[in-house]
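here is a sequence with its predicted model. Questions after.
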Amino acid sequence: MAAVQETVDQVKSIDVSEYKYGFVSDIESEKAPKGLNEDIVRFISAKKNEPEWLTEWRLEAFRRWQTMESPDWSRVKHPPIDYQDLHYFSAPKGTSGPKSLDEVDPELLRTYEKLGIPLREQEILAGVEPSSRVAVDAVFDSVSVATTFKAELAKSGVIFCPISEAVHSHPELVKKYLGSVVPVTDNYYATLNSAVFSDGSFVYIPPGVRCPMELSTYFRINDTKTGQFERTLIIADKGSYVSYLEGCTAPMRDENQLHAAVVELVALEDAEIKYSTVQNWYPGDAEGRGGIYNFVTKRGDCREARAKISWTQVETGSAITWKYPSCILRGDDSRGEFYSIAISNGMQQVDSGTKMVHLGKNTTSRIISKGIAAGRSDNTYRGLVSAHRKATNARNFTNCDSLLIGELCGAHTVPYIEAKTATAVFEHEATTSKISEDQLFYCRQRGLSGEEATALIVNGFVRDVLQQLPMEFAVEAQKLIAISLEGSVG
Amino acid sequence: MAPMIRREHDAERALGEQFSAFRPGDASASRRQEAFTLFAEAGLPTRRIESWHYTDLRGLVREALPPAPEPDAETVAQARERLQAHEVPGAARIVVLDGSFRPELSDLSALPAGVTVRSVLDALATGDLDADLAAAQKLGAPESMLALNAAFLQGGAMVEVAEGARIDTPVELVLLLSGRAPAATYDRSFVKLGRGAALTLVERHAALGGAKSLTATVVVAAIGDGAALEHLVRVDGLGPQALHLGTTLVRIGAEAKFESTTLVATGGVTRRQSYLEFVGENSTSHLYGVSLLDGRAHADTTLIVTHTAAHCESRELFKHILDGEATGIYQGRVVVAPGAQKTDGKMLSKCIFLGEGANMYNKPELEIFADDVVCGHGATVGALDEDQLFYLRARGIPLREAQALLLEAFAAEAVDTVSVDAVKDEMVARVGQWLRQHGR
């Protein structure tokens, strides 16, 4: 009962008409001119001092992108995006290559403090037990500004740095794996990202190493009319393990801001990657003005035998979410998991889900998706489970449930289940309903208020997924869920 | 004006030529032209059209088969012989041979008062279509194959049941293909149930010969308030050269009932699509089906059930048994429109694989715009359960028999609700016979 009261209190304690992360940090920034052409692509590449091959890689992607059309198959509506009216590069001034945190703009550090990111190593060392320490890479607009715990990670051989740095320090790894999971030509937004990606995190876990701490990246879009195109590449070598957390926020803006990221995960033999996201970009106001367009391509490749990739996401923000974290189960006996909570309120549109592509023998996958639609929002689960002809004994279990709160919202389920081998066993179940009157009545009869009862039931509804989140995120996620639904319940 | 074909595709171009040569010479000419223009603008459905993703007609229809000619005396005699062998006792019978209504083969003597049967071409020539039927017909409006059917329409039946008439006599609609020469047939039948009426319609598709065929067949039904329609469909033995496109369009009034059971056991390519709409409150629809597929058979079941009115219940249960390199497809979409509160929708598709090379594609969709609803769907694919087989074998039942027992039980659930005993027995027997052929 205490937990329920806590949730209710949290909701009450926060004035939800104010998006908590809606502040703008007044930091001088260095921007590329508006617009997108080959010169801008070269400019970004030059800014990063990139080698020739990467510049060419970007240019090829850009040329390809110009021939592509933006996808229209998803259940989201937005006015056409003017790609020439955006800045494709924005860097906080004076942060190019900080030697230590002292060199970072104090305003920026205050920003992170507001975000609640334990960026300062000393704070973490002072306050938190070693077992739950988190190494953070913070990406501000287009540039990675600080990475913590680098030295300690290096001791165990773990590489955790901005991808712009990895291009120089570990070119062989970047060259080998960049674009190997999400090819340059994969889709409209991934191709755009390949042309103009600015920064992001790079992680390499050497064979047999269990990463000693959780790795984390915080993304924040700050500047006006800026697109953020980060690129994350995580490689878990044979027998290694890593848990990676990703958080996102953005200030309130009247215009829509574009976020088109690419995340690539590679798990080799016996390796395991756990990737958790709490996405809380600015969702726009009640009338649907502003907010982030979150068009993200995330894909993991279980490249060798017995690899495992697990995606966990809590999606509460963004005006539009278009995102399908996927697993390619290439190695025999590999496993993919997808746990998702997607909450939409106001005028938000969510079209999200996953793909489990079974290619190897005895591969298994599990999908648990919980969608909650409130206000005038639309919440779509779109997923693919497929077993290739040679994927003998592929197994999948899918459960996607939707909860509707209010008369004006929509919840949709579009699963594709394709078995091309007769040895596959797939199970899929989906339900859509509102919170049942019986459950509410039962709770209220026992003295809970309508709001408390709703909070209790919603918490129960998403529990399967919350349990998958690392400790650090579980608390934050629970808070977020409560905030996101404020005003729509009770 | 010559019809416009936007893209270069041999079959589409040939269909255009066929249509130009097609001179029905009656009042329907302008309506047919309008329909063909619609078809020509959209063309044959491709996999880029979401609802045809798994049945790419542009790829499957390589040549445009000519519309079937009027059957000759020999064909009619063959048909008569065939019809005698398959009779539902006590039923009235409407026969459509190669797309056109044949009164001389039909037997309407058993029809009680309150139900009338006419040729659909006569009915359309003499007056406007009933408003409810016209509305039902619009349910599949964007479908280019329905437009093609309307353009080349050869015949069909208009069945009308008067208000309050509850007809105990099942009405058989037998759609026979002569199958002697490659040909296409286009038929469309209408069923109108007045307020409080009831009817059982048994739709059966069969072929006399195995020549290459395209069947575009449509049944449009309007179920009045408080009325009940049972629609039993059997598509059987059409051979590997057949392309069967069957569409059912149903508009369901208030307090009404629609029950349908479909058995598909055929080679070639089959697409059975149903568009249902609930326009009145407190109605129910139950759709059941069994597909028995082997060889390289391809069967696509596509359903679009739209709840426009509140307080309605829809159930879909489809069983697929796939052997050889057969392909099964199930696409079901339940749409709950804004305001259709208290909708109760459940959909289930289950598939058992017998053959190593079989494929199954499931796409059960929910599209929900009202909050006070209970909707769910499930889909499973897999082989026969080893544990269940072991249990039976441990009790002394041989493997083949154990398999047949489990499969019969699996399929039986979907044909269990059929109310006409003769049809039910026939379906159950057909399942048993198919399983014996495919036991291993």
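Perfect, I can see it now. Numbers count the residues shown, from 1 in each chain, chains lettered A, B, ... in the order given.

which outside residues touch stretch B:106-115?
B:90-95, B:117, B:159-162, B:164-165, B:167-169, B:171, B:197, B:199 (CB atoms under 8 Å, 6 or more residues apart in numbering or on different chains). C-beta: built from backbone N, CA, C; applies to glycine.

switch the cut-off to 10 Å
By CB atoms under 10 Å, 6 or more residues apart in numbering or on different chains, the surrounding residues in contact with stretch B:106-115 are B:83, B:87, B:89-97, B:116-117, B:119, B:157, B:159-174, B:193-194, B:197, B:199.

is there a quick PyMOL command that grabs whichever of those are buried?
The PyMOL command for the buried members of the contacts of stretch B:106-115 (criterion: 16 or more other CB atoms under 10 Å in any protein chain shown) is given here:
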select buried, chain B and resi 83+91+92+93+94+95+96+97+117+119+157+159+160+161+162+165+167+170+171+172+173+174+193+194+197+199
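
mind checking which of the contacts of stretch B:106-115 land in helices?
If you go by DSSP state H, the contacts of stretch B:106-115 have B:L83 in helices.

quick one: B:E408 and B:R430 touch, right?
No - the criterion here is CB atoms under 10 Å, and B:E408 misses it with B:R430 at 11.2 Å.

care to break chain B down by domain?
B:19-280, B:385-439 (the TED database).

among these, which is nearest A:F295?
Nearest of these to A:F295, taken as CB to CB: domain B:19-280 at 20.5 Å.

endpoints of that closest one, how far apart?
39 Å (CA to CA, to the nearest Å).

which parts of the chain are helices?
I'll assume chain A. Listed in chain order, the helices found in chain A under DSSP H are A:2-13, A:38-47, A:52-66, A:106-115, A:121-127, A:150-155, A:163-169, A:171-177, A:188-196, A:437-445, A:450-466, A:471-485.

please refer instead to chain B.
B:10-21, B:29-42, B:57-60, B:73-85, B:120-126, B:131-137, B:144-152, B:386-394, B:399-415, B:421-438.

ok, the third one near chain A or not?
No - where contact is defined by CB under 10 Å from any CB of the partner chain, no part of helix B:57-60 touches chain A; the two come within 17.4 Å at best.

contacts for that helix next, please.
Helix B:57-60 is contacted from outside by B:7, B:9, B:11-12, B:43-49, B:52, B:144-145, B:214, B:243, B:245, B:268-269, B:271, B:298, using CB under 10 Å, 6+ apart.

from the chain's centre, how far out does it sit?
20 Å (CA atoms, centre = their mean, to the nearest Å).

distance check, whichever residue of the stretch 101-250 of chain B sits closest to chain A against B:I49.
With CB to the nearest CB, the shortest gap between the stretch 101-250 of chain B and chain A falls at B:P142, namely 16.4 Å. According to CB to CB, to the nearest Å, B:P142 and B:I49 sit 9 Å apart.

what's the answer for A:D39, then?
A:D39 sits 40 Å away from B:I49, going by CB to CB.

equivalent analysis for A:K390, please.
A:K390 sits 29 Å away from B:I49, going by CB to CB.

just B:V76 next, same as before
As judged by CB to CB, B:V76 and B:I49 stand 39 Å apart.

low-confidence ranges in the chain?
I'll assume chain A. Counting by pLDDT under 70, chain A has low-confidence residues at A:1-30, A:91-148, A:219-226, A:248-255, A:472, A:483, A:485-490.

that answer is for a different chain, and I need it for chain B
Along chain B, the parts satisfying pLDDT under 70 run over B:1-8, B:23-26, B:439-440.

rewinding a little: tell me which of the helices of chain B sits nearest to B:E356.
It's helix B:421-438; of the helices of chain B, that one is closest to B:E356 (CB to CB) at 13.3 Å.

what's the burial count for residue 284?
You didn't say which chain, so I picked chain A. As a burial measure, A:G284 scores 25 neighbours (other CB atoms under 10 Å in any protein chain shown).

that was the other one, I meant chain B.
Neighbour number of B:T284 under other CB under 10 Å is 17.

how about B:S109?
The number of residues packed near B:S109 is 7, by other CB under 10 Å.

if we can go back for a sec, of A:D39 and B:I49, who's got more company?
B:I49 (17 against 12).

spatially nearest residue to B:A340 (excluding sequence neighbours)?
Sequence neighbours aside, B:H307 is the residue nearest to B:A340 in space, at 4.2 Å (criterion: CB to CB, 6 or more residues apart in numbering or on different chains).

now the spatially closest residue to B:L148 that is not a sequence neighbour: how far from A:P33?
Spatial nearest neighbour of B:L148, excluding adjacent residues (CB to CB, 6+ apart): B:F39 at 4.5 Å. Counting by CB to CB, the gap from B:F39 to A:P33 is 51 Å.

of the two, which one has the most company?
When neighbours are counted by other CB under 10 Å, B:F39 and A:P33 differ, and B:F39 comes out ahead with 25 against 11.

which ones are touching the more buried one?
Going by CB under 10 Å, 6+ apart, B:F39 touches B:3, B:5, B:12, B:15-16, B:19, B:143-152.

same deal with B:E163?
Counting by CB under 10 Å, 6+ apart, B:E163 makes contact with B:114, B:193-197, B:224-227.

what of B:G396?
Going by CB under 10 Å, 6+ apart, B:G396 touches B:A402.

report the separation between the residue nearest to B:L148 and A:D464.
Remark: distance between B:F39 and A:D464 (CB to CB) = 48 Å.

what's the neighbour count on A:G447?
Here the count is done by other CB under 10 Å, and A:G447 has 9 residues near it.

which of the contacts of helix B:57-60 are close to chain A?
Contacts with chain A within those, as defined by CB under 10 Å from any CB: B:R48.

whichever of the contacts of helix B:57-60 end up buried, select them in ChimeraX.
Buried residues among the contacts of helix B:57-60 (16+ other CB under 10 Å), as a ChimeraX selection:
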select /B:9,11,12,43,44,45,46,49,52,144,145,214,243,245,268,269,271,298
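
which non-adjacent residue is nearest B:V373?
In space, B:V373 is closest to B:T343, 4.3 Å off (CB to CB, 6+ apart).

what number of residues lie near the residue in the stretch 51-200 of chain A that chain B sits nearest to?
The minimum distance from the stretch 51-200 of chain A to chain B, using CB to the nearest CB, falls at A:W73 (7.6 Å). For A:W73, the count of nearby residues is 10 (other CB under 10 Å).

thought it was touching A:D351?
Yes - at 9.3 Å, A:W73 counts as touching A:D351 under the criterion of CB under 10 Å.

overlap in contacts, these two.
Counting by CB under 10 Å, 6+ apart, the shared contacts of A:W73 and A:D351 are A:382, A:414.

who's in contact with B:S178?
Counting by CB under 10 Å, 6+ apart, B:S178 touches B:68-69, B:71-72, B:74-76, B:78-79, B:97-98, B:185, B:207-209, B:211, B:213.

again, 6 Å this time
By CB atoms under 6 Å, 6 or more residues apart in numbering or on different chains, the residues touching B:S178 are B:71, B:75, B:98, B:208.

in the residues you listed, which residue is surrounded by the most others?
Greatest neighbour count in those, by other CB under 10 Å, goes to B:D98: 27 neighbours.

okay, that residue and B:G16: tell me how far apart.
Noted for B:D98: a distance of 22 Å to B:G16, by CB to CB.

swap in B:S178?
B:S178 is 26 Å from B:G16, by CB to CB.

now do B:F369
Separation of B:F369 from B:G16 (CB to CB): 40 Å.

now do B:G378
According to CB to CB, B:G378 and B:G16 sit 44 Å apart.

B:G179 now?
Look at B:G179 and B:G16: by CB to CB, they are 26 Å apart.

equivalent analysis for B:F390, please.
B:F390 is 59 Å from B:G16, by CB to CB.

of those two, who's got more company?
A side-by-side neighbour count of B:F390 and B:G16, using other CB under 10 Å, places B:G16 first with 18 against 11.

run through the bridge partners of the spatially most central residue of chain A.
For chain A, the residue nearest the mean C-alpha position is A:T277 (4.5 Å; CA atoms, centre = their mean). In this structure, A:T277 bridges to A:E246, A:Q313 when assessed by DSSP bridges.
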